[in-house]
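In: what follows is a predicted protein model with its sequence.
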Amino acid sequence: MVSTVRVKTEQKRRKIIEVATRVFRAKGFAGASMAEIAAQLGGSKGTLYSYFPSKEALFAAVMIELARRFADPIFQDLEKARDARSAIKTFARQLVRALASPEILDFKRMLAAEGARSGLGKLCSADTRANYQSKFAEFVRRQISVGAFRESDPARAATHLEGLCSAGPVHDLLEGVVDAVPDGELLAAADAAAEVFLRAYACEPKRRSRAGKLA
């Protein structure tokens, strides 16, 4: 049975992450302070530091929660899919939409700006990007084992699909080249990414000859 103290502790932790998300988005990583986050929570910095030892640790926790909220449903759909080709196409569409969301874009910009200087890149990658890339790599391994995908490096395949989905309109949004992209354009980019990925990794589906035998 879960204790009341543990429940309250987790609720407090989630509230801290919720408030920190708003502050980071409004002020950026460099502009945000633990003092302001604590003030918006209505508590002390001491309480905040008892949950997160540094601003970097809090930012990483926000990134982990963000990844969980956006990525978990996408990977749940991928794991339930029965056909590899349609699964990849659906996955690419969902991933492109997630990567193009204002919230994800804001945090990716912060990570790009501060990642090398503060160690945020290593801290966040260990728990977010690496975790979800390993999940996709496992999907690729399963498809190789049943003959749907060619023999390849599953981890590399994961980075390839992420790179394809991050290109084009998502890249333009990230760098501020454009302010918005119509959903139809995002979907077209996702479909193109899926097609390139499948050409590289998927085996050609077997066709039946006129005699009814698999060719």
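Out: Sure thing, it's come through.
In: what does the helix or strand of the chain with the lowest mean pLDDT contact?
Out: Every helix and strand in the chain was compared by mean pLDDT, DSSP states H and E; the lowest is helix 120-127, with a mean of 77. Under the criterion C-beta atoms under 8 Å, 6 or more residues apart in numbering, residues 29, 56-57, 59-60, 63-64, 110-111, 114-115 lie in contact with helix 120-127. Any C-beta I mention is one placed from the backbone N, CA and C, and that applies to glycine too.
In: could you list the domains of this structure?
Out: 1-53, 60-201 (automatic domain parsing).
In: low-confidence ranges, this protein, go.
Out: The chain contains residues with pLDDT under 70 at 1-8, 127, 205-215.
In: please repeat the previous calculation with a cut-off of 50.
Out: Applying pLDDT under 50 to the chain picks out residues 1-2, 208-209, 211-215.
In: quick one, strands of this structure?
Out: Shown for the chain, no strands are assigned by DSSP state E.
In: returning to that earlier point: what's the most buried one of the domains of the chain?
Out: domain 60-201 (a mean of 17; mean count of other C-beta atoms under 10 Å).
In: quick check: end-to-end length of it?
Out: For domain 60-201, the first-to-last residue distance is 33 Å (C-alpha to C-alpha, to the nearest Å).
In: cool, stretch 116-124 as well?
Out: Using C-alpha to C-alpha, the two ends of stretch 116-124 sit 11 Å apart.
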